[in-house]
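**Q** This is a predicted model, with the sequence first.
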Amino acid sequence: MGKDYYDILGIKKGASEDDIKKAYRKQALRFHPDKNKSAGAEDKFKEIAEAYDVLSDPKKKDIYDRFGEEGLKGGGPPGGGGCSTGGPGTFSYTFQGDPHAIFAEFFGGRNPFEQFFGARNGGMDEDMDTNDPFSHFGMGGSGMGGFPRTFNSGMGGHTSVVKKHQDPPVVHDLRVSLEEVLNGCTKKMKISRRRLNPDGQTVRNEQKILEVQIRKGWKEGTKITFPKEGDETPRNIPADIVFVLKDKAHPVFKRNGSDVVYAAKVSLRDALCGCTVNAPTLDGRTVTVSTTDVVQPGMKRRISGEGLPYPKRPDRRGDLIVEYEVKFPDRLSQSARDTIAQVLPRS
């Protein structure tokens, strides 16, 4: 079966990132060799570190969730999957970390028991809540497990290391016209943000111009990321600024991937007798499309190479699709009705 890392941390599969952190925090404090002198505590402490090392890493966690420990450690998924089937492929994991180093990085100090309670105490009080080494100081649980906090114990002046986390991405829609997608362009976007002053503590407000390069043929939904251009404070890593391309509504065309669609409205007479349409193109020209056939509902004509550039092959373009729309008259005179009745077949 392999190891159940969720069970080791005392949580269920599907637990959130915060739940994983809280579970590691609780179990690591409970089985730390400086606190727990029972036989097997050291092995358990290492096992807890391994579980956290896997579940806190999105790539390792994804492979473990799908294929278990065997898949994670290179055995492959049941039935012998590989990269082509979504399996781990050549990925192979072996825990080689130092559980004490993981603990130190998590808590910001190699031994929080000595750091906050003094070596003369011989570690943590047996009556103390193992979920929170700060509880006897009335400081609550926030700030541990990677949350920023600076704390001076008053017993030797030890200060915990503030571990910064990056803020979530700040996402903006960026509207572009079909002509801009056809030719490519540069958009200048002004953002307002807070940045740290040289003292590392105070912040200032500033504006910055970000130049967004729109390449030919880019599809709606394409993301352009500017790393760490968001707000900066003493406690965070600035967020990435992300622009997501959105198509502007066009008065003439609709977009369909790399093709553009033009709705050609023709009269009922032309639909029945044949017609010629002068279809516009994105670059301002017109192309002539003629048909002698009866225009059927939903009928289309395709003009090759008059659409948008392909994103991966901008030297080539999609098509212009002429989509016929037949305009029916609102009313007919009796003589017109009689004439149509005589000319058109009943079926």
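**A** Sure thing, it's come through.
**Q** Show me what counts as buried in the helix or strand residue 68 falls within.
**A** Residue 68 is located in helix 58-72, with elements delineated by DSSP states H and E. Neighbour counts over helix 58-72 (16 or more other C-beta atoms under 10 Å) mark 60-61, 63-65, 67-69, 71-72 as buried. Any C-beta I mention is one placed from the backbone N, CA and C, and that applies to glycine too.
**Q** And stretch 302-310, what's buried?
**A** 303, 306-310.
**Q** which of the residues you listed lies closest to residue 338?
**A** Using C-beta to C-beta, the shortest approach to residue 338 within the buried residues of stretch 302-310 belongs to residue 303, at 39.6 Å.
**Q** That closest one and residue 320 touch, don't they?
**A** Yes. With contact defined as C-beta atoms under 8 Å, residue 303 and residue 320 form a contacting pair (4.3 Å).
**Q** Quickly list what's touching both of those two.
**A** 279, 287 (C-beta atoms under 8 Å, 6 or more residues apart in numbering).
**Q** Could you identify the helix or strand that succeeds the helix or strand bottoming out on mean pLDDT in the chain?
**A** Within the chain, confidence by mean pLDDT, DSSP states H and E is lowest for helix 112-117 among all helices and strands, at a mean of 48. In the C-terminal direction, the helix or strand that comes right after helix 112-117 (DSSP H and E) is strand 165-166.
**Q** Could you identify the helix or strand that succeeds that next one?
**A** Past strand 165-166, heading to the C-terminal end, the next element that is a helix or strand (DSSP H and E) is strand 170-176.
**Q** Using PDB, list the CA coordinates for the next helix or strand after that next one.
**A** Past strand 170-176, heading to the C-terminal end, the next element that is a helix or strand (DSSP H and E) is helix 178-183. Taking C-alpha atoms only, helix 178-183 is exported to PDB below (Å, rounded to 0.1, in the frame of the first residue of the first chain):
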ATOM      1  CA  LEU A 178      -9.000  42.200 -33.900                       C
ATOM      2  CA  GLU A 179      -6.900  44.600 -35.800                       C
ATOM      3  CA  GLU A 180      -4.400  44.700 -32.900                       C
ATOM      4  CA  VAL A 181      -4.300  40.900 -32.900                       C
ATOM      5  CA  LEU A 182      -3.800  40.900 -36.700                       C
ATOM      6  CA  ASN A 183      -0.800  43.200 -36.600                       C
END
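**Q** Just the mean pLDDT for helix 178-183, thanks.
**A** Per-residue pLDDT over helix 178-183 has a mean of 95.
**Q** Name the residues of that helix that are buried.
**A** Of all the residues in helix 178-183, those buried under the rule 16+ other C-beta under 10 Å are 178, 180-182.
**Q** Stretch 256-273 too?
**A** Counting neighbours by 16+ other C-beta under 10 Å, the buried set in stretch 256-273 is 258-262, 264, 266, 270-271.
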